[in-house]
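**Student:** sequence first, then the predicted structure, then my questions.
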Amino acid sequence: MRTIAHLSDLHFGTEDLGLEEALLQDLAAVQPSVVVVSGDLTQRARRSEFAAARAFLHRLPAPRVVVPGNHDIPLLDVFRRFLSPLARYHEFIDPEADPFFHDEEIALQGINTARSSTWKDGRISEAQIIALRARLCALPEGRFKVMVTHHPFAPPARDPAPPMVGRGLRALEAAADCGVELLLAGHLHEGYTADVRTTHVSLQRSMIVVQAGTAISRRRRGEPNAYNLITVDPPRLHLQVKAWTGRAFEPAAATEYRKEGPEWRRQS
Ligand SMILES: [Fe+2]
Ligand SMILES: [Fe+2]
């Protein structure tokens, strides 16, 4: 069994006072097996924001899988945006933008989807898809495989025509071929879960989409700050949203999935 604490869209520079400490306290109590941060660590990719994000990350339990978001690339500074988009991310956060972690039960592959050219919607490169296949398809049977991106692969139910990550379907096909079970992302500041085939009906494999809201930013979009606590205990997966109530991060919506044959079936 493994537990994943899934945080997203920290947006340092717009963080809500008090939430950072409350979240750190909660995570210290939860003791997850691994912490995922699915991008947008900063608001405007400023050095001061990256320094605050780095200090926060260093206080999180390890191991950690962190990917950049579009806000971690400069938007208005066109010179830096196109010539050295992730320079500050690499300097302050991680020299690796596609991090990989695995142990004897679980493997998580981070994929950087943030791009200078499609600043808002994201893209995946051919080289990243090749690397994804090489890493994840080579793992021994029995590892629970997770792909982490900033941009989502499936929209919330209310959105009829969402933007799609460039080469997103190709990346999903590679993930499906290599046995990925779970897709973690953020960007929309809205928590939800679905089977990816609700959106991508051609995929040969059932994969669970889990989206996280913003953990600590004031850039809320109609829902409280929250993070996801995911318990992986095959053939079961339990998703517990922990939402800020004004005093603490407390259990909110919970979803249970069970894998029956090749299908993930939602139990509740
Ligand atoms: Fe964001
Ligand atoms: Fe974003």
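**Tutor:** Nice, I can see it. Residues are numbered from 1 along each chain as shown. Ligands and ions are numbered 1, 2, ... in the order given.

**Student:** hey, which strand is longest across the protein?
**Tutor:** Of all the elements of type strand in the chain, the one with the most residues (DSSP state E) is strand 249-260.

**Student:** nearest residue to Glu256 in space, ignoring adjacent ones along the chain?
**Tutor:** Gln267 (4.1 Å; Cβ to Cβ, 6 or more residues apart in numbering). In this view, the C-beta of every residue, glycine as well, is placed from N, C-alpha and C.

**Student:** surely that neighbour and Glu260 touch.
**Tutor:** No - proximity of Gln267 to Glu260 does not meet the contact threshold set by Cβ atoms under 8 Å, at 10.0 Å.

**Student:** hang on, the earlier thing: any idea how far the residue nearest to Glu256 is from Leu239?
**Tutor:** Noted for Gln267: a distance of 11 Å to Leu239, by Cβ to Cβ, to the nearest Å.

**Student:** what segments of the stretch 151-268 of the chain are strands?
**Tutor:** 180-185, 192-195, 208-211, 226-233, 236-244, 249-260, 263-266 (DSSP state E, counting those that start in this stretch).

**Student:** which one of the ones you listed lies closest to ligand 2?
**Tutor:** Of all those, strand 180-185 sits nearest to ligand 2, with 9.6 Å by Cβ to the ion.

**Student:** about what we covered before: hey, C-alpha coordinates of the longest strand of the chain in CSV?
**Tutor:** Only the C-alpha atoms of strand 249-260 are listed here, as CSV (Å, rounded to 0.1, in the frame of the first residue of the first chain):
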residue,chain,number,x,y,z
PHE,A,249,-7.4,20.8,6.2
GLU,A,250,-10.2,18.3,6.9
PRO,A,251,-11.7,15.3,5.0
ALA,A,252,-14.2,16.4,2.3
ALA,A,253,-15.3,14.4,-0.7
ALA,A,254,-14.1,10.8,-0.9
THR,A,255,-14.2,8.4,-3.9
GLU,A,256,-13.4,4.7,-4.0
TYR,A,257,-12.4,2.9,-7.2
ARG,A,258,-11.9,-0.8,-7.7
LYS,A,259,-10.2,-2.5,-10.6
GLU,A,260,-12.3,-5.3,-12.0
